[in-house]
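Engineer: What follows is a protein structure lacking sequence information:
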């Protein structure tokens, strides 16, 4: 089913608080036939509660983490959910109010305190948030939920019980880290920032953990990149990786350290500590994965904002970088809860599928100034040497008629860091699922009236014959209180429905997920990619 734009519904219902947890498996109603080889667990994470007493969170990213589990086995599906027992969640519950500030919400002093204590509370810094509501991470046999602070929580995958709070600062010198690590060649890579007299962006490698050992003990920093402005470092949510390189985007959306330290005094949320500098170029830092060496070439582009990288790969002395890009970070404003719950909200459609190409030749400095160095015949991206020796790149805007594309996923096990053909994601303007074909530069949509799609996940068939031989799994969230949500399973090749599992429970909007295949015990049991039936490697 495609193109449901005749009468887009209000999406306010998917941004309600979840009133209950479902700690015991809830049986779903399966319609269609789930492939017999599809056995595993879909783990999802996202904000699930926005109100405590008379207090309400102002931004979607502030909501308390609610973990979701879909257990797919022998043709059936069960659903479970549980709130993360973070310190912030427990304090909010105990006090029946919002105790500490979050990204878009400033907490008010305890009304039970006297006037002097309430006054001085504005001069006290809240600790970093442990509301890990963004993603799931697997390292070895351990599962964690994460946000963008220095905290993660170890979780029992079977019961969703909160097991242990982990402070990354006990292992490596970082104050924050992304919730989007990469897994390649059995190692895990991430990026985190260290704030101080010289703010740095640190490339982190976590070695394959030994059975029964703390997986974080294998953490080390392989490279530190000085921030362009140590008092206002760049915000970043993800990064790219290829067979040999790590790609970090230092974008001109910056976080003022001074404003962060004084936001409570100023009486404004942390969102007001971020500034977009449209006249400043974005910078691509390219780091050798084996040595941690930062390439000497400075790659720049016009200012833009990015949440999610799609993939990156190397071809003929070029580094191809695909991502979801915005002209500006207005998307943060669209996360305002009052906006999301407005029945007259207009769909947000700003995210573009962009391709940047970075030439890797060692003698770039000898190139003619202004000459396009991109020689790949399938892209209009450009890269030109400037007089100062830097290389300025422009992007190709792919799939221009898609009304906003986000939450991208690929056939990660076989094609992460390699040349690929397909990406799958959420279409912002129609609330549908999308499949993009980079070779043909075409796309397909799938959706259903009264439903909002969530981030899709690709699961490969056990004996794939092509890159898209497998299924797409996503949660379809109901915009009506009298319609149940469901888990959709699509044939990835034809992008048509195979089966759905209707869940007799309210499921709010969430953010990211992983699928853990029963056969491997891991979402990242990477196999070498094979030649597909269309010749793409």
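Structural biologist: On my side now, so go ahead. Values in this document were obtained by computation on a predicted structure and should not be read as measured data.

Engineer: List the buried residues for stretch 292-304?
Structural biologist: Buried residues in stretch 292-304, counted by 16 or more other Cβ atoms under 10 Å: 294-295, 297-301, 303-304. For every residue, glycine as well, the C-beta is placed using N, CA and C.

Engineer: If you could redo that for stretch 360-380, that was the one I meant.
Structural biologist: Quick answer for stretch 360-380 (16+ other Cβ under 10 Å): 360, 364, 367, 372-374, 379.

Engineer: cool, stretch 202-210 as well?
Structural biologist: Under 16+ other Cβ under 10 Å, the buried positions of stretch 202-210 are 202-206, 209.

Engineer: So for it, first residue to last residue, what's the gap.
Structural biologist: 24 Å (Cα to Cα, to the nearest Å).

Engineer: mind listing which of the buried residues of stretch 202-210 are in strands?
Structural biologist: Using DSSP state E, the members of the buried residues of stretch 202-210 that fall within strands are 202-206.

Engineer: Report how many residues lie close to the nearest residue to residue 341 once chain neighbours are set aside.
Structural biologist: Nearest in space to residue 341, with sequence neighbours left out and distances taken as Cβ to Cβ, 6 or more residues apart in numbering, is residue 12 at 4.4 Å. Per other Cβ atoms under 10 Å, the neighbour tally for residue 12 reads 15.

Engineer: show me the contacts for residue 12.
Structural biologist: 340-343, 345, 479 (Cβ atoms under 8 Å, 6 or more residues apart in numbering).

Engineer: Let me have these in a markdown table, adding distance to residue 100, neighbour count and pLDDT as columns.
Structural biologist: What follows is the contacts of residue 12, written out as a markdown table (distance: Cβ to Cβ, whole Å; neighbours: other Cβ atoms under 10 Å; pLDDT from 0 to 100):
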| residue | distance to residue 100 | neighbour count | pLDDT |
| --- | --- | --- | --- |
| 340 | 22 | 18 | 93 |
| 341 | 23 | 16 | 93 |
| 342 | 27 | 13 | 90 |
| 343 | 31 | 9 | 85 |
| 345 | 29 | 15 | 80 |
| 479 | 32 | 17 | 95 |
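
Engineer: Any buried residues in stretch 276-288, and which?
Structural biologist: 276, 280-287.

Engineer: Name the residues that touch it?
Structural biologist: So stretch 276-288 is contacted by 201, 203, 222-223, 225, 228, 244-254, 293-295, 297-305, 319, 321, 328-329, 356, 358, 360, 392-393 (Cβ under 8 Å, 6+ apart).

Engineer: Apply 7 Å and report the result again.
Structural biologist: Residues outside stretch 276-288 that contact it (Cβ atoms under 7 Å, 6 or more residues apart in numbering) are 203, 223, 225, 228, 244-254, 293-295, 298-304, 319, 328-329, 358.

Engineer: Pick out the lowest-pLDDT one from the buried residues of stretch 202-210.
Structural biologist: Ranked by pLDDT, the buried residues of stretch 202-210 bottom out at residue 209, which has 87.

Engineer: So what's the residue count around the nearest residue to residue 350 once chain neighbours are set aside?
Structural biologist: Among residues not flanking residue 350 along the chain, residue 326 sits closest, at 5.1 Å (Cβ to Cβ, 6+ apart). Residue 326 has 21 neighbouring residues, counting by other Cβ under 10 Å.

Engineer: got it, and the one 3 residues further on?
Structural biologist: Residue 329 has 19 neighbours, counted by other Cβ under 10 Å.

Engineer: which of the ones in strands among the buried residues of stretch 202-210 sit farthest apart?
Structural biologist: 202 and 206 (12.6 Å; Cβ to Cβ).

Engineer: low-scoring pLDDT stretches of the stretch 401-537 of the chain, where are they?
Structural biologist: Across the stretch 401-537 of the chain, the ranges flagged by pLDDT under 70 are 519-537.

Engineer: what's the span of stretch 488-507, first residue to last?
Structural biologist: 14 Å.

Engineer: Please point out which parts of that stretch sit buried.
Structural biologist: 488-493, 495, 497-503, 506-507.

Engineer: Give me the residues contacting it.
Structural biologist: 18, 22, 26, 28-35, 68, 77, 79, 435, 444, 446, 458, 468-477, 484-487.

Engineer: Any idea how far it is from the middle of the chain?
Structural biologist: The chain centre lies 22 Å from the centre of stretch 488-507; the measure is Cα atoms, centre = their mean, to the nearest Å.

Engineer: which one of the buried residues of stretch 276-288 is nearest residue 265?
Structural biologist: Distances from residue 265 to those, taken by Cβ to Cβ, are shortest for residue 276, at 23.2 Å.

Engineer: gap between the closest one and residue 308?
Structural biologist: 18 Å (Cβ to Cβ, to the nearest Å).

Engineer: Ok, residue 447 next?
Structural biologist: 20 Å.

Engineer: Now do the strands in the stretch 201-350 of the chain.
Structural biologist: Under the criterion DSSP state E, counting those that start in this stretch, strands of the stretch 201-350 of the chain are mapped to 219-226, 240-241, 245-250, 253-255, 274-276, 282-288, 299-301, 305-315, 318-326.

Engineer: returning to what we had before: want to throw the ones in strands among the buried residues of stretch 202-210 into JSON lines with distance to residue 351?
Structural biologist: Output for these, formatted as JSON lines (distance: Cβ to Cβ, whole Å):
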{"residue": "202", "distance to residue 351": "28"}
{"residue": "203", "distance to residue 351": "26"}
{"residue": "204", "distance to residue 351": "27"}
{"residue": "205", "distance to residue 351": "30"}
{"residue": "206", "distance to residue 351": "30"}
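
Engineer: Among those, which one lies nearest to residue 39?
Structural biologist: Looking across those and measuring by Cβ to Cβ, the closest to residue 39 is residue 206, at 27.8 Å.

Engineer: Show the contacting residues for the closest one.
Structural biologist: Contacts of residue 206 (Cβ under 7 Å, 6+ apart): 139, 187-188, 215, 218-219.

Engineer: Report the distance from stretch 142-157 to the chain centre.
Structural biologist: 14 Å.

Engineer: Show the average pLDDT along it.
Structural biologist: Mean predicted lDDT for stretch 142-157 stands at 97.

Engineer: wait, doesn't residue 248 sit right on residue 191?
Structural biologist: Yes - if you go by Cβ atoms under 7 Å, residue 248 and residue 191 touch, sitting 6.0 Å apart.
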